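Undergrad: below is the structure, and that's it, no one-letter string:
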């Protein structure tokens, strides 16, 4: 059930972003397992995508993990507060990633509620909330997603019809010019 390396090395990051909808994102933090069904994703198409942190092959200490072979976590700190979780995809040297923007909590909801400090009755929208709910921290950047040690993704056979998936431009990337308008955000109706 855990997604294998062959899933992550797909060179079409937009296709991978769609395929991640309905998959279960798991974490095991301090011995506690939590999980949610992925309901919202955004694709970042590497060096040619002005919205990507690795646009034009920009390499920094933070983005270096994006140049890894698919199947690792890219987690970065946003506004100095929020850890944002991305799935690195594609071949080594091709810095593609899928931002996980939303989940529907599914396993150990009490722990998720404790982390968030509130009741959870519906899907969580916003990548900062996803990471907080599942205990993902920017120090997890570079973590392999191929084994159930800290962070991994499983296929439980949940799928959505085309009518259940809303496709829009990405959020918060106005600086990317025409690339901000690309239809790279996918939202599943759970």
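TA: Now that the structure is in, tell me what you want to look at. Remember, predicted model here, so these are calculated numbers, not experimental data.

Undergrad: sec struct for the residue most central in space within the chain, please.
TA: Centroid-nearest residue in the chain, with C-alpha atoms, centre = their mean: residue 100, separated by 2.7 Å. Secondary structure, DSSP: H, G, I helix; E, B strand; the rest coil: residue 100 is strand.

Undergrad: same deal with the one 3 residues further on?
TA: When the structure is split into helix, strand and coil by three-state DSSP, residue 103 lands in strand.

Undergrad: show me where pLDDT drops low in the chain?
TA: 190 (pLDDT under 70).

Undergrad: tell me which stretches of it form strands.
TA: 24-29, 32-44, 73-78, 82-89, 96-107, 124-125, 151-154, 165-168, 185-188 (DSSP state E).

Undergrad: could you check how far residue 10 is from residue 112?
TA: 29 Å (C-beta to C-beta, to the nearest Å). (C-beta placed from N, C-alpha, C; glycine too.)

Undergrad: quick one, which of the two is more surrounded?
TA: residue 112 (23 against 16; other C-beta atoms under 10 Å).

Undergrad: got the contact list for the more buried one?
TA: Counting by C-beta atoms under 8 Å, 6 or more residues apart in numbering, residue 112 touches 34, 36, 105, 120, 133-134.
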